[in-house]
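In: What follows is a predicted protein model with its sequence.
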Amino acid sequence: MYVLIRDDEVPAIVALMNRAYRGSGPSNWSTETKYLAGDRTTNQALRAELAAKPAASLLKWVEEGTADQLTGCVWLEPLGRDTWYLGSLAIDPDRQRGGLGRIMLSAAEQWVRERGGKRVQTTVINVRDALIAWYLRRGYRRTGDTAPFPYGDDRFGAPLRDDLCFVVLEKDLAFTTP
């Protein structure tokens, strides 16, 4: 289940995100290490993002009976007109490939529905074909829009390529059941 994070949990969330997005190993199929170097985020950057976007919610995933053991997280932010942004979906790499990502994504979509959201958008780096395909299998569609990669802003890591951008994906929650 998802619960809002507390400020004292930011370091654990940052460590989880950095392992999920920049970690290595055979189980971490979603790593960005071929495209980006350095940390995915820092305590300072995440706290600044939370302060700058008070309507957003950073949620942690905990499983019943685990005494609040952090397993994953997701960022959900209302964009207006019944649309929410879903970002920073991260799962402990040791728990990947077991279906937990699907469960967490579905729970995040339900959280949005409960707050009146009818659509969810996310962005994925254009060269992350496996991750884009994962979202497409979960009912997301390409909108045809892209967003520029923030070259020169290393808050999200240092790009190792000069052809990066974000693909915008969207899912209509009104026609899907939880």
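Out: Sure, I can see it.
In: Compute the number of surrounding residues for Ala147.
Out: 11 (other CB atoms under 10 Å). To be clear about C-beta, it is placed using only N, CA and C from the backbone, and glycine gets the same treatment.
In: And Glu170, by the same measure?
Out: Glu170, neighbours per other CB under 10 Å, totals 17.
In: so what secondary structure elements neighbour the helix or strand harbouring it?
Out: Using DSSP states H and E, the element containing Glu170 is strand 165-172. Of the remaining helices and strands, those touching strand 165-172 by 3 or more CB pairs under 8 Å, 6 or more residues apart in numbering; DSSP states H and E are strand 119-125, helix 129-137, strand 141-148.
In: tell me which residues of the shortest one are tucked away?
Out: For strand 119-125, the buried set under the neighbour-count rule, 16 or more other CB atoms under 10 Å, comprises 120-125.
In: Return the distance of it from the chain's centre.
Out: The gap between where strand 119-125 is centred and where its chain is centred comes out at 9 Å by CA atoms, centre = their mean, to the nearest Å.
In: Partner strands of that strand, with direction?
Out: According to DSSP bridges, strand 119-125 forms sheet pairs with strand 83-91 (parallel), strand 165-172 (antiparallel).
In: can you check the last one too?
Out: Partner strands for strand 141-148, per DSSP bridges, with pairing direction: strand 165-172 (antiparallel).
In: Okay, now the sheet partners of the helix or strand where Cys73 lies, with direction.
Out: Using DSSP H and E, Cys73 falls within strand 70-80. Strand 70-80 has the following strand partners under DSSP bridges: strand 57-62 (antiparallel), strand 83-91 (antiparallel).
In: Relative to Arg22, which of those is closest?
Out: Across the strands paired with strand 70-80, Arg22 has its closest neighbour in strand 83-91 (10.6 Å, CB to CB).
In: What angle do helix 129-137 and the closest one make with each other?
Out: With axes from the mean of the first three to the mean of the last three CA atoms, to 10 degrees as the basis, strand 83-91 and helix 129-137 are set at 130 degrees to each other.
In: quick revisit: I'd like the helices and strands packed on strand 165-172 as TSV, with mean pLDDT and distance to Met17 appended.
Out: Below are those laid out as TSV (pLDDT from 0 to 100; distance: least, CB to CB, whole Å):
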stretch	mean pLDDT	distance to Met17
strand 119-125	97	15
helix 129-137	95	15
strand 141-148	97	20
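In: the longest helix in the chain is where?
Out: Counting residues, the longest helix in the chain under DSSP state H turns out to be helix 100-114.
In: For stretch 62-72, list every residue counted as buried.
Out: Neighbour-count burial for stretch 62-72, counted by 16+ other CB under 10 Å, picks out 62, 70-72.
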